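[1] Starting from these lines, generate the structure:
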Amino acid sequence: MPRETLDSKLTQIQDEIYLLGSMVEQAVLDATNTLKTRDLKEAKRIYEEDTVINEKRFALENAIIILLATQQPFARDLRLLAAMLLVVNELERMADYAKGIAKINIKIGKSDIAIPVRDFQKMAEQSVSMLHRGLDAFLKQNPNQAAAIPQEDDIVDDLYTKIYHETIQYAIANPSQMDEANDILWIAHNLERFADRVTNICERTIFITTGELMEMSSNDDEGDVSDS
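    Purely as a prediction, here's the structure:
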């Protein structure tokens, strides 16, 4: 395959990854919003449409594997394709978190459990912002932009901690709603893990440009990452 054709195929896959990311972003925002509206019909739609994201993930994986098998790429191209496989998988798992939130909303139904909607929306908005910029860094192969994003995970973690303590106190005061309180904690857990997976995408961005696999966290020192 000529270089121009390979580049064209890579661009097509990158465009589809961006589209998949947009679908995931919308899914988690919609799922979180249903906690406010208590719209069970909308929650069921989100839950069922996860199959569309799954199908897109498998189609992308197939396209990437075909390029790996037929082109036997080296160096940066190989790293890019390997990273794409991981990113597609991460996006599908993020969509599962949105599906999980919708499922919990359906389970809770019209219960009068106190849901910390505003904090959940803040978690979702921050996580989606991180994902949007993380994918932008990945697709542009910008390691410095990618290195800065995990620092923001502290915002999501702080909200998770706040919700956790408030929900535990609520459960102690309202033991008859222990199961519902546990569901609230699972929603917080899903949103917290959503943000964690953005860090994985940022790690792969750095891997593409440097060939170095480095584990990042919100406590890592922020700094430039040079290309090599």
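[2] if I look at I65, how far off is A171?
    I65 sits 46 Å away from A171, going by Cβ to Cβ, to the nearest Å. C-beta here means a position set from N, CA and C on the backbone, and glycine is covered the same way.
[3] next one: S129
    Separation of S129 from A171 (Cβ to Cβ): 30 Å.
[4] Correct me if wrong: L139 contacts I17.
    Yes - assessed by Cβ atoms under 8 Å, L139 is found in contact with I17 at 7.0 Å.
[5] And those two? Which one has more around it.
    I17 (21 against 17; other Cβ atoms under 10 Å).
[6] burial measure for I187, as a count.
    Per other Cβ under 10 Å, the neighbour tally for I187 reads 25.
[7] Now do the buried residues in the helix or strand hosting I13.
    Element membership for I13, per DSSP states H and E: helix 3-37. Within helix 3-37, the residues scored as buried using 16 or more other Cβ atoms under 10 Å are 9-10, 13-14, 16-17, 20-21, 23-25, 27-28, 30-35.
[8] and it, what other elements does it pack with?
    helix 40-48, helix 50-71, helix 75-108, helix 117-140, helix 178-210 (3 or more Cβ pairs under 8 Å, 6 or more residues apart in numbering; DSSP states H and E).
[9] Please tabulate these in a markdown table, including the columns distance to D158 and mean pLDDT.
    Formatted as a markdown table, these follow (distance: least, Cβ to Cβ, whole Å; pLDDT from 0 to 100):
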| stretch | distance to D158 | mean pLDDT |
| --- | --- | --- |
| helix 40-48 | 26 | 95 |
| helix 50-71 | 29 | 94 |
| helix 75-108 | 19 | 95 |
| helix 117-140 | 10 | 97 |
| helix 178-210 | 10 | 94 |
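[10] if you count what's nearby, which of I65 and A171 comes out ahead?
    A171 (19 against 12).
[11] give me the number of residues near the spatially closest residue to that one that is not a sequence neighbour?
    The spatially closest residue to A171, leaving aside those adjacent along the chain, is A181, at 3.8 Å (Cβ to Cβ, 6 or more residues apart in numbering). Neighbour count of A181, defined by other Cβ under 10 Å: 20.
[12] Next: T167.
    If you count neighbours by other Cβ under 10 Å, T167 ends up with 22.
[13] Mind pulling up the pLDDT for L213?
    Looking at L213, its pLDDT stands at 72.
[14] roughly how far apart are it and A137?
    17 Å.
[15] now L20
    From L20 over to A137 (counting by Cβ to Cβ), the distance is 16 Å.
[16] do E25 as well
    Taking Cβ to Cβ, one finds E25 at 15 Å from A137.
[17] now do L29
    20 Å.
[18] Report how many residues lie close to the residue lying closest to A83 once chain neighbours are set aside.
    Computed as Cβ to Cβ, 6+ apart, the closest residue to A83 that is not its neighbour in sequence is R204, at 3.9 Å. Other residues near R204 number 21, with proximity taken as other Cβ under 10 Å.
[19] what secondary structure does P73 sit in?
    Three-state assignment for P73 (DSSP: H, G, I helix; E, B strand; the rest coil): coil.
[20] which residues touch it?
    Taking Cβ atoms under 8 Å, 6 or more residues apart in numbering, we find P73 in contact with 6, 67, 80-81.
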